[in-house]
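1. coords below, sequence missing:
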DNA sequence: CCAATAAGCTACGCATGCGTATCTAATGGG
DNA sequence: CCCATTAGATACGCATGCGTAGCTTATTGG
């Protein structure tokens, strides 16, 4: 603050970094990867560019840091002893996650993977790889391991049906699927493909 | 060209516009929507900015024009009198389309719909709306209309299974699904959901 | 309470995109 | 074959992001 600064509380350390992490995610949501700039992030975080450059060399580096912090995502734990219910729960976990800024950023990186390969790679190395299966897969494996589901039905295709349809509906309708739509995905697509 | 220009063939009218259309699509593929600039398009088309501004006010306007030109996409015509074969043909049409520059641009616009709503709207108004159903839907309706398929099975979910999985695999693997994967989508997900 | 640390401000030269103006010269219709 | 049309070149002032330098000043551990 300049010469005539009034008393302010100056953020430091953790609190400052948290604010910057929030800012970079918000910037990606609003402006997109292609418009992500140190200037923009600094402006939104209400801090100085110098503060950013002291810690991160590029906006992407900062973004990966923020995403690493925003993780991990909750993992579905089969609890209902009912496949249908647990699948719906897993996909609901997905739709809940999709509305977060971190998820928007992850999906942006994924859909621009060809454009920013280093970014996608860093995301996988630092964030995804450490974590195991995806949403429905966790549930499906659990039931298959207990003989409640034919393991032969768990293919690279069938394990993706739930997530694929959630994403497709989200794109087509510009909003995450409703509870009814999630249930329909399970009932009309997923369970039939599992032979149930 | 400047003072020391050698003899060149100067493009005019149609040929020039075609070159510019190609250039804007290539720019979107390489640089992305967020980096789409008149400068970049002009550079790639090897023409002057003034030429662009004479016809289009913004890069997005130019892009929509180019997409309108790149369309229409081929429509699946059920021909095999075999549902499975025709579904595979329809999805293959989709995977073939997905590798074109126009498709990459369309998918970029779709996935950044929230960021550039006017662009998405223009795309739908000028390009998609005029056209009817999507890839598999066309086939499914054809068979349902002829009583070869239970119409009750054609829901907003089931009609999207094929496209949803093609997109999901494409995103996950950073390449369009192979012929085997397309067949697996039909056999393991689509046909079971249709009750077959 | 003091000194080390780090946040915050300002300003810089450079690069790039903007949208426009002004010129030149290639092209093709009449 | 001429001349209206228009592609193409160049340059402009403006804005914004870059990455760095230099400073002032709030904060806090000792």
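-> Yep, it's here. None of the values given here were measured: they were computed from a predicted structure. Numbers count the residues shown, from 1 in each chain, chains lettered A, B, ... in the order given.

2. going forward, measure contacts and count neighbours with C-alpha atoms only.
-> Fine.

3. for residue A:128, see how far away the residue positioned nearest the centre of chain A is.
-> Computing the C-alpha centroid of chain A and ranking residues by C-alpha atoms, centre = their mean puts residue A:103 first, at 2.9 Å. To residue A:128, residue A:103 is 12 Å away according to C-alpha to C-alpha, to the nearest Å.

4. repeat that for residue A:153.
-> Residue A:153 sits 25 Å away from residue A:128, going by C-alpha to C-alpha.

5. for residue A:183, same thing?
-> Going from residue A:183 to residue A:128 by C-alpha to C-alpha gives 27 Å.

6. mind checking which of those two has more residues around it?
-> In terms of neighbours (other C-alpha atoms under 10 Å in any protein chain shown), residue A:183 is the more surrounded of residue A:183 and residue A:128; the figures are 20 against 16.

7. in which helix or strand does the more buried one reside?
-> helix A:179-184 (DSSP states H and E).

8. now that helix: average pLDDT?
-> The average of the pLDDT scores along helix A:179-184 is 98.

9. mind giving me the packing neighbours of that helix?
-> Judged by 3 or more C-alpha pairs under 8 Å, 6 or more residues apart in numbering or on different chains; DSSP states H and E, the packing partners of helix A:179-184 are helix A:83-98.

10. low-confidence bits of chain A, can you list those?
-> Filtered on pLDDT under 70, chain A yields the residue ranges A:1-8, A:72, A:129-133.

11. and the longest helix seen in it, what does it pack onto?
-> Using DSSP state H, we find that the single longest helix of chain A is helix A:13-31. Packing partners of helix A:13-31 (3+ C-alpha pairs under 8 Å, 6+ apart): helix A:38-45, helix A:59-70, helix A:101-111.

12. in TSV: the ones you listed, plus distance to DNA strand D.
-> Shown next, in TSV, are the helices and strands packed on helix A:13-31 (distance: least, C-alpha to the nearest atom of the strand, whole Å):
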stretch	distance to DNA strand D
helix A:38-45	4
helix A:59-70	7
helix A:101-111	17
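
13. does any part of the strand or helix carrying residue A:171 sit near chain B?
-> Using DSSP H and E, residue A:171 falls within helix A:161-173. Yes - for helix A:161-173 and chain B, the contact criterion (C-alpha under 8 Å from any C-alpha of the partner chain) is met by A:161, A:164-165, A:167-168, A:171.

14. next, the buried residues of that helix.
-> Within helix A:161-173, the residues scored as buried using 16 or more other C-alpha atoms under 10 Å in any protein chain shown are A:161-171.

15. what's the domain layout of chain A?
-> For chain A, automatic domain parsing gives the domain ranges A:13-69, A:75-193.

16. distance between the ends of the longest one?
-> Length of domain A:75-193, first residue to last, C-alpha to C-alpha: 23 Å.

17. how much space separates residue A:40 from residue B:113?
-> In terms of C-alpha to C-alpha, residue A:40 sits 21 Å off from residue B:113.

18. what's around residue A:157, how many residues?
-> When counting by other C-alpha under 10 Å, one arrives at 22 neighbours for residue A:157.

19. chain neighbours aside, what residue packs nearest to it?
-> Nearest residue to residue A:157, sequence neighbours excluded (C-alpha to C-alpha, 6 or more residues apart in numbering or on different chains): residue B:185, at 6.3 Å.

20. hmm, stretch A:13-24 in reach of DNA strand C?
-> Yes - counting by C-alpha under 7 Å from any atom of the strand, DNA strand C is contacted by stretch A:13-24 at A:13, A:16.

21. can you list contacts of that stretch?
-> A:41-42, A:44-45, A:59, A:62-63, A:65-66 (C-alpha atoms under 8 Å, 6 or more residues apart in numbering or on different chains).

22. out of these, who's nearest residue B:86?
-> residue A:63 (44.3 Å; C-alpha to C-alpha).

23. what sits up against stretch A:91-98?
-> Under C-alpha under 8 Å, 6+ apart, the answer for stretch A:91-98 is A:73-74, A:76, A:103-104, A:135-136, A:162-163, A:166, A:176-177, A:179, A:182.

24. so which bits of it are buried?
-> A:91-95, A:97-98.

25. one step back: dump the domains of chain A into a markdown table; add distance to residue B:124 as well.
-> Output for those, formatted as a markdown table (distance: least, C-alpha to C-alpha, whole Å):
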| stretch | distance to residue B:124 |
| --- | --- |
| domain A:13-69 | 21 |
| domain A:75-193 | 12 |
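
26. quick one: residue A:87 from DNA strand C, how far?
-> Applying C-alpha to the nearest atom of the strand, to the nearest Å, one obtains 44 Å for the distance of residue A:87 from DNA strand C.

27. typo on my end, it should be residue A:189
-> Applying C-alpha to the nearest atom of the strand, the value for residue A:189 to DNA strand C is 45 Å.

28. ok, that residue touching residue A:161?
-> Yes - look at residue A:189 against residue A:161 with C-alpha atoms under 8 Å: they come within range, at 7.2 Å.

29. spit out the residues that contact the two alike.
-> The contact sets of residue A:189 and residue A:161 overlap at B:161, B:189 (C-alpha under 8 Å, 6+ apart).

30. good, we can wrap up now.
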